[in-house]
Structures are given as C-alpha cells and as structure tokens.
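>>> Here is a sequence together with a model predicted from it:
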Amino acid sequence: MKKNIGTALSLYPTPTVVIGSMVEGKPTWTLVAHIGIMGHDHVTVSLAQLHYINQGIKASNTLSINVVDESWLAAADRMGCISGNSVDKSEMFDYCVGEKGTPMINDAKLSIECEVEANHETKGFDNFICTIAGTYAEEGILNDQGKVDYHKFKPVLFEMPTYEYFKTGDVIGNCMRMEVK
Ligand SMILES: Cc1cc2nc3c(=O)[nH]c(=O)nc-3n(C[C@H](O)[C@H](O)[C@H](O)COP(=O)(O)O)c2cc1C
C-alpha cells in the first residue's frame with residue numbers, strides 16, 4: 001500500500017545545470033534543477049522571479065544551459081548560494097559566447113544555447129519555454145556517431161528533500177528490448 005504524502009514535489013532527481021545569460025553586457029550564472037523537456041525540440045527552465053538572471057533572459061530572449069558534471073560541481077554549487085542581486089558573478093567562470101550571444105561555461109563539457117519562445121508565469125516564477133539554437137559538446141564526450149555518450153558523460157543530479165547531489169549510474173537495461181519475467 002502506498003501512503004499519500006500530499007502535494008510534495010517528488011519528481012526527482014533532475015539534472016543540475018548552470019543557466020547563463022548576459023546582464024548589461026556581463027555574464028551571470030544561476031544554478032537550476034527545475035528544468036524539463038517538452039516535445040522533441042523544446043526545453044523548460046523554471047526560475048524564481050526575484051533572481052537576478054531573469055532580467056537578462058527577458059532582455060535578450062536567450063539563455064545557455066551548462067550541464068554540470070562532477071569535475072566542476074563545487075563551482076556550480078556556488079552559483080546556487082549567491083545572487084547577482086548582491087554579488088557580481090561575471091568573473092566566476094571562463095566562458096565563450098555562442099552564436100546567439102549567450103555566455104557558455106568552458107568547464108562545462110556540454111552547453112546548450114537556447115532562444116526563449118515564451119514565458120509561462122506561475123506564482124513567483126518565470127518558466128521559460130525555449131527552443132534549442134545549438135548544442136556545444138566536447139569531443140571527448142561524443143560517441144562514434146557524434147552524439148553525446150552518457151557512458152562517458154555523467155550529469156550531476158539533484159533532489160530537493162535532502163539537498164544532495166548524485167551522478168548518473170550504470171546501464172540496467174536496453175530500452176524496448178526488455179524481457180518481462
Ligand atoms: C541545487 C540547487 C538547485 C536550484 N534550483 C533552482 C531552480 O530550479 N529554480 C530557481 O529559481 N532557483 C534554483 N536554485 C536557487 C538559485 O540558484 C539561487 O537562489 C541563486 O542564488 C539565484 O541567483 P541569481 O539571483 O544570481 O539569479 C537552486 C539552488 C540550488 C543550490
């Protein structure tokens with residue numbers, strides 16, 4: 001028997017990313033775990049409206065998603081502890097600029113440049129619905145077909161109840177080729 005534990009958010013763990021955007025010509029970075037996929041060509045990013053970065057996203061209609069792995073987790077975590085409202089985060093990472101003008105973190109092996117198509121506001125939150133303008137991946141995380149190889153690249157996952165980070169683990173099955181025992 002399952003127990004109803006109420007309206008608790010429990011769709012975890014989710015990938016941990018650092019969102020990048022330009023504010024007044026300087027990059028700023030915010031740690032985010034409430035991201036998602038819509039259809040086959042849209043992603044969502046949910047950001048509290050009081051966050052500093054939102055103004056840059058709204059002004060440019062662009063953002064970058066920098067997928068966190070263990071190698072730079074501590075620096076990424078810091079982007080969830082301090083706000084651009086009180087600290088200048090523009091010097092926190094070495095970065096390059098994508099074709100749409102978003103800053104992308106050099107430490108991130110995988111960065112996704114997005115254009116914002118819509119903002120679905122919920123109480124206190126901007127929920128940006130984005131299209132993907134470009135995906136920038138280090139050669140070392142790609143397979144022979146040029147796709148991201150998640151045996152090599154292990155995104156960090158986050159879950160809210162304990163505020164702990166995980167990383168993706170072992171292969172446990174081949175999709176659509178599972179045997180029901
Ligand atoms: C692990 C973790 C995940 C977070 N995920 C989100 C999130 O999904 N949405 C959000 O609005 N804030 C999230 N935050 C909080 C922001 O990262 C944090 O408040 C940050 O300082 C805001 O920065 P800014 O004001 O410079 O934009 C998260 C923080 C941590 C530590």
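Here it is on my side, so go on.

>>> and the chain, which of its residues are near the ligand?
Residues of the chain found near the ligand (C-beta under 6 Å from any ligand atom) are 28, 30-34, 46-48, 51-53, 80, 82-85, 158. For every residue, glycine as well, the C-beta is placed using N, CA and C.

>>> Would you show me how to pick out the buried ones of the residues you listed in PyMOL?
With 16 or more other C-beta atoms under 10 Å as the burial test, the buried ones among those are selected in PyMOL as follows:
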select buried, resi 28+30+31+32+33+34+47+51+52+53+80+82+84+158
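
>>> What is the burial count for residue 151?
10 (other C-beta atoms under 10 Å).

>>> can you tell me which residues contact it?
residue 171 (C-beta atoms under 8 Å, 6 or more residues apart in numbering).

>>> Which ones among the residues of the chain next to the ligand map onto strands?
28, 30-32, 46-48, 158 (DSSP state E).

>>> In contact with residue 57, which residues?
Contacts for residue 57 (C-beta under 8 Å, 6+ apart) come out as 19, 21, 47, 63, 116, 126, 128.

>>> Could you report the separation of it from residue 45?
Plainly put, residue 57 is 8 Å away from residue 45 if you go by C-beta to C-beta, to the nearest Å.

>>> what is in contact with those two at once?
With C-beta under 8 Å, 6+ apart applied, the overlap between the contact sets of residue 57 and residue 45 consists of 19, 63, 128.

>>> Please list the outside residues in contact with the longest strand along the chain.
For the chain, the strand reaching the highest residue count under DSSP E is reported as strand 125-137. Residues from elsewhere that reach strand 125-137 (C-beta under 8 Å, 6+ apart): 38, 41-49, 54, 57-58, 62-63, 98-100, 104, 109-121, 148.

>>> what about 6 Å?
In this structure, residues lying in contact with strand 125-137 by C-beta atoms under 6 Å, 6 or more residues apart in numbering are 42-49, 54, 98-100, 110-120, 148.

>>> Check the offset of that strand from the chain's centre.
Its chain's C-alpha centre lies 9 Å from the corresponding centre of strand 125-137 when counted by C-alpha atoms, centre = their mean, to the nearest Å.

>>> now swap in stretch 11-26 and tell me
Mean C-alpha position of stretch 11-26 versus that of the full chain (C-alpha atoms, centre = their mean) differs by 5 Å.

>>> Need the distance between the two termini of it.
From the first residue to the last, stretch 11-26 extends over 34 Å; the measure is C-alpha to C-alpha, to the nearest Å.
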